[in-house]
Every structure is written in structure tokens, then in C-alpha cells.
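Q: Sequence and predicted structure are below.
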Amino acid sequence: MSEPLLKVENLKKYFPVRRSLIESLKKVPPKYVKAVDGISFEIARGEVLALIGESGCGKTTAGRTVLRLIEPTDGRVIFDGTDITKLSQEELRPFRRRMQIIFQDPYSSLSPRMKIGDAIAHPLLVHGLAEKEEAKEMALKMLKRVGLTPEEEFYERYPHHLSGGQRQRVVIARAMILKPEFVVADEAVSMIDVSMRASILELLESFREEYNLSQLFITHDIAVGKLIADRIAVMYLGKIVEIGPTDEVLKNPAHPYTKALIDAVPSIARRKKGRKFRVKGEVPNAVDVPPGCRFHPRCPFATEECRTKEPELVEVSHNHFVACHHPLH
Amino acid sequence: MARGLGRYILIRALMIIPMILILYTIVFFFLRILPGNPILAVVGTKNIPPEQLKHLEHLAGLDKPLYVQYFDYLWKMLHGDLGVTLASPMGKPVSSYIALRLPATIELTIFAFTVSVLLGIATGVLGAVKKGTKTDTTMRVYSIVAYTLFIPWFGMMLQYLFGVKLHWLPTSGRIDPSITSFHPITGLYILDSIIQGNWTALGSVLEHLILPSLTLGIVLSGAYTRLVRNNLVDVLSQDFVRAYKARGVPDRKVLLYALKNAFIPVVTLMGLQFAILLGGAVLTETTFNWPGMGTFIMDRISYRDYNSIQGAVIVFAFFVGVISLIVDVIYALLDPRVEY
Amino acid sequence: ISGGGSSSTSPSSTPTATGSEKDTIIIGVTDKVTDLDPANAYDFYTWEVLNNVMEGLVKYKPGTLEIEPALAESWEVNNDSTVWTFHLRKDLKFDDGTPLTAKDVVRSINRVMTIKGDPSWLVTSFVEKVEAKDDYTVVFYLKHPTAYFLALLTTPPYFPVSPKYDNDKIDSDATYGGVGPYKIVKWVRDQELVLEANPYYYGEKPKTKKIIIKFYNDASTMRLALQNGEIDVAWRTLRPTDIKSLKESGKFNVIEVPGGFIRYVCLNTKIDPTKEVKVRQALAAAVDRNEISKIVYQGTVEPLYSLIPNGMWSHLDVFKEKYGDGNIELAKKLLSEAGYSESNPLKITLWYTPTHYGDTEASLAQVLKSEWEKTGMIKVTIKSAEWNTYTDYARKGQMMVYLLGWYPDYLDPDDYTTPFLDSEANSWAGTGYENEQVNELLRKAQTITDQNERAKLYEQVQQILAQDVPYIPLVQGKLFVVTQKNVKGVVIGPDMIFRYSTLYKE
Amino acid sequence: MLLEVRNLSVYYYTLSGVVKGAEGVSFNVEEGEWITFVGESGSGKSTVAHAVMNLVPSPGKVVSGEVIFEGKDILKLSKEELRQIRGKEMTMVFQDPMTSLDPLRTIGDQMIEAMTVHGVPEDEARERAKELLQRVNLPPDRLDYYPHQLSGGQRQRVSIAIAMAFRPKLLIADEPTTALDVIVQDSIMDLLDEMKAEGTSIYFVTHDISLAVERSDRIAVMYAGKLVELGTVEQIVENPLHPYTKALIEAVPDLWSERPVKAIPGYPPDLRNPPKGCRFHPRCPLAKAGICDAEEPELREVERYHFVACHFPGGAKDE
Amino acid sequence: MMVIEGFVKLLRERKPGRGLFIFGFSIVLIVILMAIFAPWIAPHNPTEISADVFQPPSWKHPMGTNNLGQDVFSRIVWGSRVILYVVAVATTLSIAIGVPLGLLSGYRGGKIDRVLSMVMDSIYSFPSLILAIVIAVVLGPSPINTAVAISFVYVPTYFRMVRGQTLSLKGQLFVEAARALGVKDWETMKKYILPNVLPTVLVVFTLSVADAILTEAGLSFLGLSVTPPTPDWGYDLRVGQPFLLDGYWWLAFFPGVMIMLLAMGFAMIGEAINERLSLGTR
Ligand SMILES: Nc1ncnc2c1ncn2[C@@H]1O[C@H](COP(=O)(O)OP(=O)(O)OP(=O)(O)O)[C@@H](O)[C@H]1O
Ligand SMILES: Nc1ncnc2c1ncn2[C@@H]1O[C@H](COP(=O)(O)OP(=O)(O)OP(=O)(O)O)[C@@H](O)[C@H]1O
Ligand SMILES: [Mg+2]
Ligand SMILES: [Mg+2]
């Protein structure tokens, strides 16, 4: 890998927990939801990194912080050599064109009162890439490109006339019309019906080829990650616990959590289930993060060390890193 | 838990203060936009020597600059003093007047409130349970009609029917004046007559309350009808209702639980409705000659008795604040999801 | 408590049956008692209440304008009528049994002068000082000769009050009273006032032991209460139509009494276009008082053609003589002379105040507008303002044509002329009227005691008034008391004060 | 045979038209078996499940069919008879753990009530509620908690605990894990497995066919309100006869298989106005004009236990 | 445009709310037409005083005459102008102030939001009629002043609604998407948030118009709205009410009924739109 397109270094996002008036008067120290607690990764041009983890582990927050849709608490995001965490909103605007986001919920990511076509054309106008007529032309082309035909008809429709799958196509079209270099896809298919997921993934894949698009693909469904990603990063409670090439991570998970996650995924192929690797309990809340290795309360292999010392990411095989005192191999 | 609730109440109570300040400020400056003052309102067309007028204005403190008047009153207010009346008569503590009038309004509004809530719930539940039928339509029409009833008109119709035509009910006042054995203590006549064990008085008081509280109550019930119906329809379609049924819980109980859920947004409405109720009370009091705060404000406005009006507004604001505090607390108690 | 058919338990079906017992009479009023302290009370109804619980040194003989002894048995006056000496009765007691002496009279008058309340000018403008010669002799030294001092003495600021009143502070809710046929036993502001016969009263005992006054906010609720049998007497102030239809129903006694309350239009003599006397005269000519009385007041008032009310000595129908009534032709003529025409109409703004004079005020304004506009040469815009703003506008002379009314303070032609026409006394009215000749005539009339001579002077003043027209008199109020059929003994004098002691139930 | 559903049709009379939520659905559930219904969103899985409980939400109505549970037609029982059966003999767990518990009452109240309404004395019910909570791996002090104080997985456990109270003959679980994470999902599935082991028949609904495959005995595939294929897990997975079933299997990414994922073309039909003939024909690669768009295929048994509703079961490979 | 389209849809589609809508809309339309064509509809001069006082309804005077002999029907017809004028000005004012403030407050948040919200909440939670009375008394009786008094008490209604909606829309993904696309703040407010707030503004508008009608009537009933002889329903009701006791019911009856019908008309439209909107989301 040469110079990566995106480089995230020790990114943190803490949300203050709302305190009552009395508490703040009493100067009770503020508490934080450590949604993202120091993550680092790189994405090369044209590469897809899947960010995987259970609900609430901080995936979405990570994605939003990378794009500075929310301000990071700490850390750096270097996009194409520029540290965008230091830019003002005005300076950031040109970067907005180059980095895009696709949200999980196609129902709320389109304004109900805006025509599909206008929603797609608007970004062009915002960045001054086209005049009204031209923008409309381009939007129509894009509609056709994402398979919403007849495009003239779709241009005039409002989102509530469309099914979830169709809406997600519109959302993708809106992001792609700016020809971005990098996109965060936050659970882009999880709210879409099974029968239609594959086609949305195909569509994204086609853009990846066309634009040499890099993606941070956020998902809780490892199977989807496997399908689309070059590399996988597994998050647990705001931290990346394992990161590496997709096949390597899935075949040889080094972190007990990754292993448990993989084993819990139902599969047709693996129907004759062998012994599953299980962990106990549930994810603790992100306010009172357990000390040491944050997974230790649920880990069957936890030792004293795990309870006190936080593990660092270490390379267990080529490009495969894990943060565990007792990796599985 | 209890401590948490106490704290919650305290904080909510503190929030009443800015509200009072804001309303005081608005009213203070509005009142003084136009010429004329309480002294003139009293002496009116009388041929009073100018020196004496000046003297009277000085007595009332009206010769001081506006901002001084503003802060003087504010200062007093912070000490729980609502000032003295400026006219007709002059120099009586405003609070003594309000103490005389407020209980009447409280009694009226509490009854009207009860009427509106009971009627609203009954009609709303009926509409929701019979959703989509004629009954439902009837209840919805009821809700709109009730909502748009014009209080003076409706009140007059009731007076005409039950008073003039049928002679069933008295049309004005709070109690039959010939009952001389009754002596107000708290000003809440129902309470007073019960304390004194004066059942004749109690009967008369209740009789006098019927028409005004029905008028106001019916008008305000429309909003509840609508809200209860819509909420209950929503709640009845929720999974937990079906889950109850799937567990074999009898329908009556399920309806009760659903109603409790549907009631939560209704509770939040109550605080607001109470304010509207107080507004409606002005018209109701005028129509039924009810010696409450509404008629008091109208009286005092015609004298432009600044202090009395300010005092009344502050008391109203306080009253509304307390009601919404109570509502919030009820809400918090009803809904375990509220954190305090 | 409930006598037959008490309304508290079963409101009976006949409206004439009343809820109260025989020795109790309930009177409904829409007025308010503002201030029970005579040093500060300055409105008509409060004066009525005070007149029932207090008395002055002299009083009007019931139903007449004649003054008779009250607390004072007799009196003398010096030649230039500046020193008045009164001899008190010796059997006077306040309602708690404390005897009343000359000291109490002096204290009460001094109290009014110290407190400087609203009506205190009725004392301070006239009285230099007052002294008690002995326990039963009081002497007033006046600032200037005052012919009508006895009339002044009938007003509440001159009433001796109980020693319980604070000597230098207004005591607005004081119920101590003075020496009168009744005493106050219960007072709930704006709700009710209960009077009971004063056991220590020197005079005749009231016929009804207990009087309850019930206060209403508006006439229709009071009328309903009357029809519903909740009250025995509906007193001030029913609406004209209420009176008419209650009378027509035949179910009630409707007693009609002439009153000294007058209504008039004020014309600003300082601003255009009413500065022009022809304009004022034209307006006076076009007014049709009979129409006003009929449409606006349902015949419950009488037309008035002078500021001095009908029936008072010296009264002349000057406006009738000079302009007639609804004399459109004359008005047109005067307007043309003033340079107005149909194509160049006179534009005036007519002001009224919506509540102070009752609901009929708006109708009055509308009828006036339509009468003036009948000339075809006048365009009237109606405006209104709340009472206190209105009086401020008036005092500042900011209104052009506006409606006012006058309740007399004392019954003398002086009270109907000086405050209006004397340029040093009429600033409250805002007409800006000034006429030296009138000033002189009025001042002269104040000092001489001979009524015939005074009458001549007032007649002269009235002629000038009709010529200059700073005011257009409209109507004079009548008083109406409506009672249940079984209520008798309503007596109201020209002073318009209802004394409850003669009331009784059959 | 525990449950027999015959020719069940449920219509929703909505403002914009009649939605044929389920049409002519017939199947049985045997004692102690686990049957899973799969299908896309809107295919009528929940509709049928609700009808079995006789709990079709308004404006839905069962327009025809019978639901015979232990010899009694559930749809014809009186309210009281139905109430006796519900919760005791057959019970249901709903999809969204967030909304299927009354937010205003404690877990304990709701659990205990579920037992007392069937005649269990209050204190005994309390004891049993504690035991039940332990069985679903929740500490007994959770009895005093309100639903919002529990996580989604915990709430779903509570629902299951309530369902376990009487060892019902039939448990209908309508997508009980859809809102949950995989690890939690797994533990919930384990609980259902336990219930099955105790003799309860599990009627499971999911849109994720891979989840169906792992634990069920039989799978029923629904499409657009119709039951299109029904068979044992082996039959469905190894030899899917309906093109839709096949497509469905191929559309799901699988962690343990290298086969490519294939999208199903087109969109599911509008059930107010379903396509004529076979409802799948507009999306079907094998559809034959004149047959598939004209005639509605019947559900027939093509091999033992294996039913399919297709004109060309298994595909007309030869043509 | 969208509003008109919506109205046409409400009229055409057979869905719940249609009956309500048609009924309400007809009432409002009739009153509006009455106001526009008052000179042609009214048979008499509404301010003309005549000796024919208290005439019961007849062919000559369809609603009788009042205490001044004015034709009640003509006064009703002309009176529609005043009430519509007052309410129109009042609502326009309060929308013009409340909506932008609400947008700003909700979108920006922070200190402005806290201060504005506190002021607005205070006014909002106070009995509006009482506040309106105080203001109306101070400003003096004239339609425009009444409109100002009424608008003052309705600003918070719009403010709160718009603010609340803005807050919840702000949390919606499409607003975040707009940010991600680099759309400027004010444009986000204008193009993404405002259009989504408008339908609710419409509902609040129709409902608060109904309310404003009653408030106007209440104020003029208390004599605080117009000066005679201007025909005005609330004022005419006040004038006519005492005559009810004399059996002259038509003086108070017709103005009272008109006030309530007009309020009802708007309330029904509001209810219908509201129902349709909530159908859309369900
Ligand atoms: N704006 C916010 N304010 C406070 N806390 C937040 C905020 N956004 C997210 N959180 C908290 O941060 C944590 C991580 O949330 P995030 O949405 O990033 O998780 P996620 O992995 O995307 O979960 P999901 O799979 O449910 O989308 C959660 O505990 C969440 O409650
Ligand atoms: N209450 C209802 N009112 C109107 N139509 C309904 C209602 N419930 C379901 N439907 C319609 O009936 C059809 C079948 O719905 P059903 O809920 O049974 O599907 P499902 O397979 O359970 O889908 P999902 O996977 O989304 O839960 C769908 O077209 C749906 O739109
Ligand atoms: Mg997320
Ligand atoms: Mg479902």
C-alpha cells in the first residue's frame, strides 16, 4: 500500500452524559459516553474497510466523526494528506465533495418534501458544479445509472412513493453524483429487505470500480462485511479489538470476541453446527467501561492481567492486528 | 427515589421564577403605553384642583420615573408583596383583594376542570373503542363543537334554560346571599361550608357552581375527547396490548392498561388546558357574575390599577406554574420512564 | 333559615317568590362600593351606602330638595355667610353606643382635610377651619361666602365618623360607620354588604331590619337574579330595555324617580373645526333629544335643554328655545354660513367611552352620528377609549367632540354651572371654554344668599351657554327601582339617594 | 396433530383498498416440532401468526378458513374460552421487545398477572416468576424493574419467560430476534430450543432463512400472502423446488460459503392488487407466459412432506 | 401550490376527513365570499339606524333588526369582514414572527434558543385570553390593534411548534446528509427543514385560526375590538345578549352562531388535514 487516502489516528469521541441541574451545581464531575475511545486505521484508494461490531459499540459515531459531521474529542483524521480535524467549516466544504456518507435508514435520509430529482441535483448546485439545467441532466443520468427508470418519472416523485430499496438507490445516487473519492456507508443495507440487499451491494460495488472509491463500510452483519470488504475491523465498546484482511480475520479470528461474533452468525452452509464458541452476558454500557481489557467480564479466558491492563493492538500475522493479552493463536 | 422526586420538584419550582419575571415585564410595560392613570380613572370628570391631583399621583408613586417604578415593584414582588391598589380604593394591599377573589376562581376552575376531564375521557374512550363507527363520528363532532362553543353565548343559553325558563338553578353568584349563617374562612366555599357543617350553605354553593362549571367544562372537554381518542387508538394498536391478550388477560383489564398509557400525553396537555381554562374563566365569570380573578382583572383594568393587574398576572403566572408543576410531577409518577 | 320557598333548597317556580325572610331585603346593584371611608369615597353608589350608615349635620327631607335638621338641631349663619354655627342633638350615639359630640364632628372634618382624599376638595375649597365651641356646638369658618354651604353639608366628606377611623389614614374597608339608621355587619368586597338596623339611632327605626346588598358585574345577570327570585330589589343600574320589559311583564313594581344625572356633548372650543361657534351651534341644532331618549334609552330618560336639570330652580329650556329639537334645516343653514356644504362636509370625530356610562353609550354615539349626518353636511367618525385614557384625553383637551355625564356633588345650580363654565374650574372637561362675563356672573351667584337673585344670574348664564355652545345638553337620567311585588316603601329624593330604612315587605 | 390451519385468508380493509394479507394458507404443526415461516417483509408471515392466535389487528379480518388447535376452532371460540387457552395452551412472543411490554408496569406485575389470570394464586405466581427469570438468565430482582430499565435482549427474555410460565403446547415467536444483535439472538434461540425440548411446539417466524435453517424441523416459505413451499429443512435447503425459495437462499450472504450472492430482480407486489396467476411470476426467471401469469398454482405435495405451489417445481431445467 | 394540491386531494379522495373537510371548507368559503361580496349580498346599510327596532326575522329583514333598527343580516354579512380581517392579520403576523424565530431557535440551539424558548414558553403557558385582554385594552379598540393583541399571544404557538419540529428534523438523517453534502446552514433551514415544517404549520394554522376567532370574539365581546357602528359579530353578540331576556333572541343568536360556525369550519379543516397527515405517517 502506498500513501493511504484516509488515515485515522487515535480518534476519540466522548459524549457528555446529561447531568441534572443540581449535579452540575454540586460540581459532580461530568461523565462521558466513550462512544469512540481512540481508534486508528487507514484506508487506501479503492479499498473497502468493514467496521463490524454489536449495536452501540460506536460504529456510527466513528463514521460520523471521520467525516466531521460531529466534532471529534481527540485524534486526527488525515484525508489525502490534510488533517481535516483542524479545518474550519468553510475550509471543510471542498472536502465535503470528496467524502460522502450513506446512512442506514433510507426512510429518514431523504427529505419527505423534496422531489427525488431535486435531492440528487442539489449537491451539484451547492458545490457550483453545474447550473440548474445541467444539474437536472446529470441527475437524470444518475437516476438511470442507479436503476430508477423511467428516470423522468422518478425525478418528479417524492420519497414516500418509493420502497426502501429504491430510496436507498436515491441516497446512493445523491452521494455519488459528486464523484466522491471516499464514502462512509453506515449499515447501508441493514434496513433493506433480504431480497434486495444484494442488488444494493452490487450497485455500491459498481461505483467502487468506476470511481476507484474507498469505503468505510459499517455493518453489524459480518456476512455482508465478508462479501464486500478487503479488510475487517472489529469494534467493541469504542475500541478496535481486531483488524486485518477479511479472510484472515474470519478464518482465524484472534480475539475471543471476534470468534464469538462469528460463531453466532447463523448460516445455511454451516447448518450442521459444530460446538459454538460462546461468551456470557451482554455489552456493558459505554459510560462505565470496565477497566483493563474492556471485554474481560464476558471473556472465558480472562486473567488478572486482563482485568487491570489494557491490551494494545499487536500484529499477529501479516497485517492482522489484535488487542488481546491471550489471542487465540 | 423520594429524594430524587423532591429535588425534581424543587428544580421545576425554580423554573416558575423566570416565567413570572417575563410576564411581569411584559405586562408592566404594556400597561404604561397609553396615557391615563388610576387616579384619573377615579376622579374622572370631577372638578378636582390640580394640586390635589398631583398630590394623589405622588401618593400612588406615579410621579417616579418608569424604571424606578419597575424595580420598586420588582423588589417588593421578590419579598412576596404585590403592592397596594392605586385606585378605588387606594392603598389596600393587592394581595388582600386577590385573597378574596382567587378562591372563587380556584373553585370554579377545579370543578370545570373535573367536568372537562371526565367528559373528555368518557367521550374519548367511547370514540376510540367504537373506532370507525357512528359513535366515533359523533364523538369527534362533539369534540369539535365543544371546542368551538363560544363561552358567553353558551353560558347565556344555559342561564336562560335552567334559570329563567326552568327555575332549576341559580344563574349568578357563588351562594344564596340570604344564607347569613355562612362565613367564609378560606374563601373556598365548599370547604368552608363543610368545615362549618353548614349543609344549607353547601347545597347552595354546589347549586351555584353547576352552570358555570358546566359551561367552562364542556367547552374545554373537546380537546380531551380528541386527544384521549387518538391516543387510545394508537395505544390499542401497540404490541403490548396484543401481548396482554395473547397471555389471556381479560379485555377489561387490557383496556384499563391501555387507557393508562393513553393518558400520559393527556396529562401533559392538562397543564396547558388549565391555562386555557383560566382564560375561559374570564368569560365565564363575566357571564355568571362570578366574583373571581377574571372579573377582578376586568374591573381593575378599567381603573388601570397597575399594581392590581400586575399582581393578578403574577398570581396567575404562579398559579399556572404550580399547576404545570403538579402536572409534571403526576406525569413523572405515572410514567416510570421519566427520570428525575 | 329557609322561609317558605327558599331559593337555596328549591327555587320556587314563581319568580315573585323571594328567597329571603320578611325582615330581610336583598338589593342587587351593578355599582361597586369603592371605598367605605367618606374621606376618600367619591362615587355615587358608595355615597348612597354611606348615607344609609351615616348622616351629616343636615339632610334632605325624604323626597324633597328641602334641607332639614339631622345631627344638628339648629344652626345660624353670619351675614356674609362665612361663619356657620351648628347645635348638635344631645342623644347621638355611634352604632357601638359611644356618644357623638362636637369633637367628633371636628375630628371628622379635620380628618378629611388631612387625608386629602378624592372628594376632600368639597371641604378644603370652602372650609377654612372648624371648631367645637362646646360638646354640642360646632362652628365652621369658610374661606369665602358660600350660599349653598348647607347643600355641601349633606355630602359624605362632612359626615362625622366613628372614632375608630384612623385620623390620618384612609381606611377603605372600614365598616365602623357613623350615626345612621343602619350599621354594617358584613362586608365582602364586590360580593356583598349586609346592613342591620342601628340600635342606637336617634331617629325612626328602619322598617326592615336587615338589608343585603348583592353586587353584580352586569345588568343582565342582575335582571336574571331578579326574575329568578334571587333578589328583592334591582337597583342601579338596569338597562333601559330591562326596565321596559320588566315593566311590561307586570310581575314587578317599577318605581320611577326623576334624577339629577345629566348627559351632554362636550365641544372643544380650542381646536378646529369646533372652534367655530357656528359649527357648535349647528351640532346643537341637529341633535334630536326625543329620538335619543326613545331609541337609546327606551324612554327611560328625559330630554334636557340646559345644563341645569329639569325641576331645579332657575332651570330654563334654553337650547329648545334657541334651536328646537332635531332642527336639521337650522343646522344646515348654520353650516353653510360656516362654509360647509354637501361636497365639503364638516368632518368631526366623536368620542365615547364604552363602559363608564353603561352599554348604551355606543348606541348613543351611533344615534348622534346618524342625527348629525342627516344634515348631509357632516361626516362623523366614532372613536372610543377606556375611561382613564378618556379622562386624560379630556383633561388635555385632545378630543374634539365627546360624550360626558355629570353626577352632582351637591344639589345647587352652582354644581351644574361653575365646574363647566367657569374657566378656572372647567379644565377637567377640556372644552377650553372661557368667557369673562360668565365667570363673573357665576362668582357673584356663589356669594349672595337670596335665591331669587341667584336664579336671575343663572338664567343669564344659561342664555350665554346656549349661544356659545361649549356643551350640548342631551338628556337627564331618571332612576328606576324594580322590586318584587311584595316590596314596598321605596323613597328616593332628588339627591338620588335610596334610603333603605323606609323599605319593607308585605 | 397439534394445530391445523386450513385455507386461511386474512384481508385488511384499509382506506386505500383491501390488502390480501394472507390467502388460502394451509399447514399443520405437530406436537413438539419447530416450524419456521420465512419470507420477505410483507409476505404475510405475521398475519398468519396473528390469525392463529385470533389476534388479527384491525382493520384486518379473517375472511375464511379454520384454525384447529387441539380439536377446537380458535376462530370460533367465545372470548372467555379463547382467553383460557391464550397464555396457557398457546402463547406468543412479539418482534419488537421495545413495544411488547407495557412500559408503565413492572416486569414482575406483568409476569405475575400472566399467571394469576389463569388462576395461579398471587404468591405462588411471584415465586414462579422469580424462577422463570432465573431460567432465562436474569437475576430475580429484575421483577421490580420497568421495561425501559432493561436492554432489548433482556426484555425479549422476559417475554419468553412469561411464555414459559405454563409450558404451553404452542409458542408462536414472531421475529423475536430481528431487533437484536447476533450474540444475543443466539442466546434467545437457545431459550426457544430449551422450550422445544420440554415439549412445546415452536412456531417461528423470520425473514432470515439462515436463521430458520439452524434449528427448525420444517420450513414454510411465504410469498405475497401465499404459502409457496413447505418441507423439512433438508428438503428446503438441499432441494428447493420453488424458484422463490431458491432465489431467497441465494440472495443471503453466507459467512461459510463462497457462493456468490444473487439479487432477486424486481420488487414484491402490492397486495391490494396482486398479480394474476402465480404471484411470483413477474420476478420469476422461469415464468412462462400463458401459464404462470394466468393460473394460480396449487400447493401440492411433490414428495413426502414436501409441498410446493409452482407450475414448474424444481425448474424446467430441460427446456 | 402544495397547499392547493393538498386541498384538491382532500376534496377528491374518499378518505376519512373528507366529510369534515368539505363541511368545514364550505363554511369558511361561504364566510369568505360573504366578506368579499358584502356590498352585493347585504340588503341594507348595516349601520343605518331606523325606527324599526327589534323587528323579528322577516322577508325584509331575514335575521330581524336590532335595538337601533339596524338590519342584523346586513351586519352579519359585513361583520364577516372584520373578523376575517383581524384573524388574517393576526395569524399572518404571528406566523411571520413565530416561524422564523422557531426555525432559528431550533436549528441554532444554544443561548438564543434558551432565552427565546423561555420567553415564548412563559407567554404560551399563560392564559392567552387574559394577556390578549390586557394588550387590547392598552392598545385601544380598533381591528388592527386587536390583531396585534391576538398575534402576540399566538406567536409562541407557532414558535414552539416550529422549534420542536426543527429539533426533531435536525436529528433526522437527511439534515445530516445535507451537512455532509456541504449545504450551508441557512440553506438547510430553507430547503430542507422549512418545507417539512410547513404542513404542520398548516394544521396549527387552521386550529389556531379557530382559536383566534374565538379570541377575537371574546375580545370584542368584552368590548375591546371595534368601535361602533362597525359591524362585528362579537360586539353585536354582546349588544344583543341582554335582549335575549326580552325575547329578542335574534340579536344574539345569529352572531353567536356565526362565530361558532366559522371557528368550527376552521377546526374541521384543521382536523381533516391533521388526520390526513397522520395517515401518511402511519
Ligand atoms: N449524540 C449522542 N449523544 C450521546 N450519546 C450518543 C450520541 N450518539 C451516540 N451515542 C452513544 O454512543 C454509543 C455508540 O453509538 P453508535 O451509534 O456510534 O453505535 P453503533 O455501533 O452505530 O450502534 P448501532 O449498531 O445501534 O447503530 C452508544 O452508547 C450511544 O448511546
Ligand atoms: N394493520 C394492518 N393494516 C393494513 N395492512 C396491513 C396491516 N398489517 C399488515 N398489513 C399488510 O398485510 C401484508 C402482510 O403483512 P405481514 O405483517 O403479515 O407481513 P410480514 O411477513 O409479517 O412482514 P414483516 O417481515 O415486515 O413483519 C402486508 O402487505 C402489510 O402491508
Ligand atoms: Mg449505527
Ligand atoms: Mg411481521
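A: Arrived safely. Numbers count the residues shown, from 1 in each chain, chains lettered A, B, ... in the order given. Ligands and ions are numbered 1, 2, ... in the order given.

Q: Specify the beta-bridge partners of D:Leu227.
A: On the basis of DSSP bridges, D:Leu227 is bridged to D:Met222.

Q: surely it meets D:Val25?
A: Yes - at 4.9 Å, D:Leu227 counts as touching D:Val25 under the criterion of CB atoms under 8 Å. Just so you know, the C-beta spots here come from the backbone N, C-alpha and C atoms, and that holds for glycine as well.

Q: Can you report phi and psi for A:Val316?
A: phi -100, psi -30 (degrees, to the nearest 10).

Q: ditto for D:Ala263
A: Torsion angles at D:Ala263 (phi, psi; degrees, to the nearest 10) stand at phi -80, psi 150.

Q: pretty sure it is in contact with A:Glu205, am I right?
A: No - with contact defined as CB under 8 Å, D:Ala263 does not reach A:Glu205; the gap is 11.5 Å.

Q: The closest residue to ligand 1 within the stretch 51-200 of chain B and D:Phe94, how far apart?
A: Ranked by CB to the nearest ligand atom, the top residue of the stretch 51-200 of chain B for proximity to ligand 1 is B:Ala128, at 34.1 Å. For B:Ala128, the distance to D:Phe94 (CB to CB, to the nearest Å) stands at 22 Å.

Q: What of B:Ile20?
A: Separation of B:Ile20 from D:Phe94 (CB to CB): 48 Å.

Q: try B:Ile190
A: 49 Å.

Q: who has more neighbours, those two?
A: More crowded of B:Ile190 and D:Phe94, by other CB atoms under 10 Å in any protein chain shown: D:Phe94, with 24 against 18.

Q: helix or strand for C:Thr391, which one?
A: helix C:387-395 (DSSP states H and E).

Q: For that helix, name the packing helices and strands.
A: In terms of contacts (3 or more CB pairs under 8 Å, 6 or more residues apart in numbering or on different chains; DSSP states H and E), helix C:387-395 is packed against helix B:38-43, helix B:293-303, strand C:401-406.

Q: which outside residues touch that helix?
A: B:34-38, B:40-41, B:43-45, B:302-304, C:266, C:351, C:353, C:355-356, C:384-385, C:399, C:402, C:404, C:427-430, E:140 (CB atoms under 8 Å, 6 or more residues apart in numbering or on different chains).

Q: again, only using 7 Å
A: B:34-38, B:40-41, B:44-45, B:302-304, C:353, C:355-356, C:385, C:399, C:402, C:427-430 (CB atoms under 7 Å, 6 or more residues apart in numbering or on different chains).

Q: Which members of these additionally contact chain E?
A: B:34, C:355, C:385 (CB under 7 Å from any CB of the partner chain).

Q: Show the buried residues in those residues.
A: Neighbour counting over these (16 or more other CB atoms under 10 Å in any protein chain shown) leaves B:34, C:385 as the buried ones.

Q: Flag the least confident of the ones next to chain E among the contacts of helix C:387-395.
A: Lowest pLDDT of those: B:Leu34, 71.

Q: is stretch B:257-266 up against chain E anywhere?
A: No - contact of stretch B:257-266 with chain E (CB under 7 Å from any CB) is absent, the minimum separation being 13.8 Å.

Q: Any residue of that stretch touching chain D?
A: Yes - counting by CB under 7 Å from any CB, contacts between stretch B:257-266 and chain D involve B:257, B:260-261.

Q: Which of those are buried? Put it as a PyMOL command.
A: Of the residues of stretch B:257-266 next to chain D, the buried ones go into a single PyMOL selection, burial set by 16+ other CB under 10 Å:
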select buried, chain B and resi 257+260+261
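
Q: Could you export the residues of stretch B:257-266 next to chain D to TSV, including columns for distance to A:Leu148, pLDDT and secondary structure?
A: Output for the residues of stretch B:257-266 next to chain D, formatted as TSV (distance: CB to CB, whole Å; pLDDT from 0 to 100; DSSP: H, G, I helix; E, B strand; the rest coil):
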residue	distance to A:Leu148	pLDDT	secondary structure
B:Tyr257	45	93	helix
B:Lys260	46	91	helix
B:Asn261	41	91	helix
